[in-house]
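> Whatever this is, show me its structure:
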Amino acid sequence: MKRTLLLLTFAVLLAGCVNVGTAVKPQALAALKPGVTTLTQAEHELGKPNTVTDNPDGSTTIEYASIHASPSASSFIPFIGPLVGHANSTVHGTILQFNAQGVLTGIKTTTTHDCGGVTSC
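You can find the predicted model right below:
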């Protein structure tokens, strides 16, 4: 994870704001109902997941992740920008669990905020 954030920070410093992955909108997530929504319905509502895992017990886990990163203005100071600048990043994750019959059993969401660089955010 740290290596990914470091690489992402360098990409941000070179390119400006970066959005990567599949973002799940709260209103789309609210439409999913445990015990009712099927795997096919969830994928139709949310789009193609970043990861699909078929578990040994016959259940399925799908994951969506997105990253938004933006550099500070100090990152663009000639010569010293890479030394004093930083990039703020936000990582959103959504994990959906489905039973062996393909019916939604659980939803977990996470959000992580991070500041990469030597200066404070």
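> Can you check the pLDDT for L13?
Model confidence at L13, expressed as pLDDT, equals 50.
> Kindly report the same for A31.
94.
> ok, which stretches of this structure are helices?
2-15, 26-30, 39-46, 81-84 (DSSP state H).
> Can you report how many residues lie near the nearest residue to V91 once chain neighbours are set aside?
What sits nearest to V91 in space, not counting adjacent residues and going by Cβ to Cβ, 6 or more residues apart in numbering, is T112, at 4.6 Å. All C-beta spots, glycine's among them, are computed from the backbone N, C-alpha and C. For T112, the neighbour count with other Cβ atoms under 10 Å is 12.
> Next, the contact list for T112, please.
The contact partners of T112, taken as Cβ atoms under 8 Å, 6 or more residues apart in numbering, are T90, V91, G93.
> Between those, which sits nearest S59?
G93 (18.6 Å; Cβ to Cβ).
> circling back to that earlier point, which one of the helices of the chain has the lowest average pLDDT?
Minimum mean pLDDT among the helices of the chain: helix 2-15, a mean of 54.
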